[in-house]
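Enquirer: I need the structure of the sequence given here:
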Amino acid sequence: MTLAFAGSGMVSFVAAPAAHAAGYDGMCKDANGTTVVVDFQALGGGLVIRCAPNIPPGSTGLDALKLAGVPYAGVARWGDAFICRLYNRPSASETIPVAGMPGYKEACINTPPAKAYWSYWWAENGGTWRYSQWGVKNRNAIKGGFEAWSFSLNATATTNPQPRLRPLRPTAATPPPAPTSSSGSTSANSSARPPSTSATAGSTTSGSPAAPSAAGAPQGSSQPGSPGQGASSNGSSGTPAAPGTSGAAANSNPAATENATATSLPPSLAAKEPSSAAASKSSSATAGATSTGANPSGGPAVAAGVQVADSDKLAREAKEQTSSSLNTPTLLGAAVLTFLAVLGAGTALRRRRSS
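Expert: Model (predicted):
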């Protein structure tokens, strides 16, 4: 746990990123799990891929994050309802080149600025990436599908970068059928012919998966994974909604509302995905895999030049970094706060007795 100071002078305790032992590195091997992608984008470091295996029905996006074993941290004000760090990025000491905010560092106290936050995406297996209209605690993860977090820096509602990975699990290539014979004899032309190798929708002519495209980019949709970048209902670019918002008004500023003095969750973070929408996505997850062709490459299809990092190694490094944050100044500050709290309690007790 580390100490963080808000602009108002309030001192808050920010929990270290939560980590969970479940999950494994790489895409899920079957449709029983949910693949979780973290794309660092402009922060540097490529992307990581983990699987939340055997994810229970009704699991939320946050459950998928936990079951995959991704270290994360939510803002002090709203907790896990708004994710501000993944694999300890951006760290509290990391300067982010936010336009108009020189020297900005993410303290994870209130909602991050609209120009530097983790955008939240989802996709069916074989489908296209889409912004979530619901917060990470309020929408159901797709069994067999994909969840993703992509860091957005100095972008807009229509230019937020989608994950640089094609959401399609690798599958083994189907071998050609064995030769058959007729009437006890085999002729030169009687062998069964292998299946056609012509390209199917969503794959290249060589059978390898295509790189991610912009097909899943939002067009006038609100962005629940962002603190303030949405679009109006008519498709014009505006200020998006915070996680969980559906149909936010144009040019509204949810971040300002969330950072106000209210202590209860704002509507933008409390809205839940309708059960009918979750059921629809779940039922179409399998269909999406067959409609776009197989991925016989044996590995993830990422955009050119993008590095797939070792998620286990990054998780260990994140744990070491957060552990080292309990340094002498932090401990001294905690001791001072404890002393002041005890002193204040003693003073109040004396006043009560004297009265």
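
Enquirer: can you give me the mean pLDDT across stretch 50-60?
Expert: Stretch 50-60 shows a mean pLDDT of 96.

Enquirer: Span of it from start to end?
Expert: Stretch 50-60 stretches 16 Å from its first residue to its last (Cα to Cα, to the nearest Å).

Enquirer: Likewise for stretch 139-149?
Expert: For stretch 139-149, the first-to-last residue distance is 15 Å (Cα to Cα).

Enquirer: again with stretch 72-83
Expert: Counting by Cα to Cα, you get 7 Å between the two ends of stretch 72-83.

Enquirer: do stretch 50-69 as well
Expert: End-to-end span of stretch 50-69 (Cα to Cα): 8 Å.

Enquirer: So which bits of that stretch are buried?
Expert: Neighbour-count burial for stretch 50-69 flags 50-53, 55, 59-69 (criterion: 16 or more other Cβ atoms under 10 Å). Heads up, the C-betas are built off the backbone N, CA and C, glycines and all.

Enquirer: Kindly tell me how buried L349 is, as a neighbour count.
Expert: Neighbours of L349 under the rule other Cβ atoms under 10 Å: 10.

Enquirer: Which of the three states applies to it?
Expert: Per DSSP: H, G, I helix; E, B strand; the rest coil, the local secondary structure of L349 is helix.

Enquirer: so how far is L67 from it?
Expert: Using Cβ to Cβ, to the nearest Å, L349 is found at 47 Å from L67.

Enquirer: shouldn't S132 be in contact with G61?
Expert: Yes - assessed by Cβ atoms under 8 Å, S132 is found in contact with G61 at 7.1 Å.

Enquirer: joint contacts of the two?
Expert: Y120, W122, R139 (Cβ atoms under 8 Å, 6 or more residues apart in numbering).

Enquirer: What is the neighbour count of G344?
Expert: Burial measure for G344: 10 neighbouring residues, criterion other Cβ under 10 Å.

Enquirer: Can you classify it as helix, strand or coil?
Expert: Under the three-state scheme (three-state DSSP), G344 adopts helix.

Enquirer: same question, G103
Expert: Going by three-state DSSP: G103 is strand.

Enquirer: For it, which non-adjacent residue is spatially closest?
Expert: Among residues not flanking G103 along the chain, T95 sits closest, at 6.0 Å (Cβ to Cβ, 6 or more residues apart in numbering).

Enquirer: Check Y24 too.
Expert: Per Cβ to Cβ, 6+ apart, closest to Y24 is C51, 5.5 Å.

Enquirer: Export only the CA atoms of stretch 85-100, formatted as PDB.
Expert: Output of stretch 85-100 as PDB, limited to C-alpha atoms (Å, rounded to 0.1, in the frame of the first residue of the first chain):
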ATOM      1  CA  ARG A  85      -3.000   0.600 -13.600                       C
ATOM      2  CA  LEU A  86      -2.300  -2.700 -15.300                       C
ATOM      3  CA  TYR A  87       1.100  -4.400 -14.600                       C
ATOM      4  CA  ASN A  88       1.800  -1.300 -12.600                       C
ATOM      5  CA  ARG A  89       1.700   0.900 -15.700                       C
ATOM      6  CA  PRO A  90       1.600   3.700 -15.700                       C
ATOM      7  CA  SER A  91       3.400   3.700 -12.400                       C
ATOM      8  CA  ALA A  92       3.100   6.500  -9.900                       C
ATOM      9  CA  SER A  93       6.600   7.700 -10.800                       C
ATOM     10  CA  GLU A  94       6.100   7.500 -14.600                       C
ATOM     11  CA  THR A  95       5.800  10.800 -16.400                       C
ATOM     12  CA  ILE A  96       3.100  10.500 -19.100                       C
ATOM     13  CA  PRO A  97       3.400  13.000 -22.100                       C
ATOM     14  CA  VAL A  98      -0.300  14.200 -21.800                       C
ATOM     15  CA  ALA A  99      -1.100  17.100 -24.100                       C
ATOM     16  CA  GLY A 100      -1.600  20.300 -22.100                       C
END
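
Enquirer: got a list of contacts for that stretch?
Expert: Contacts of stretch 85-100 (Cβ under 8 Å, 6+ apart): 2, 4, 14, 17, 38, 40, 43, 45, 48, 70-73, 103-108, 113, 115-116, 118, 149, 151, 153-154, 311, 314-315, 317-318, 321-322, 325.

Enquirer: List the buried residues for the helix or strand hosting R316?
Expert: Counting by DSSP states H and E, the element that carries R316 is helix 311-324. Neighbour-count burial for helix 311-324 flags S311, L314, A315, A318, K319, Q321, T322 (criterion: 16+ other Cβ under 10 Å).

Enquirer: got it, and stretch 95-113?
Expert: Buried, per 16+ other Cβ under 10 Å, within stretch 95-113: I96, V98, Y104, E106, A107, C108, I109, N110, T111, P112, P113.

Enquirer: Okay, and which of those map to strands?
Expert: Residues of those located in strands (DSSP state E): I96, V98, Y104.

Enquirer: now, which of the residues you listed sits nearest T171?
Expert: Nearest to T171, judged by Cβ to Cβ, of those is I96 at 38.4 Å.

Enquirer: distance of that closest one from V75?
Expert: 15 Å.

Enquirer: pLDDT below threshold where in the stretch 201-350 of the chain?
Expert: Filtered on pLDDT under 70, the stretch 201-350 of the chain yields the residue ranges 201-299, 324-338.
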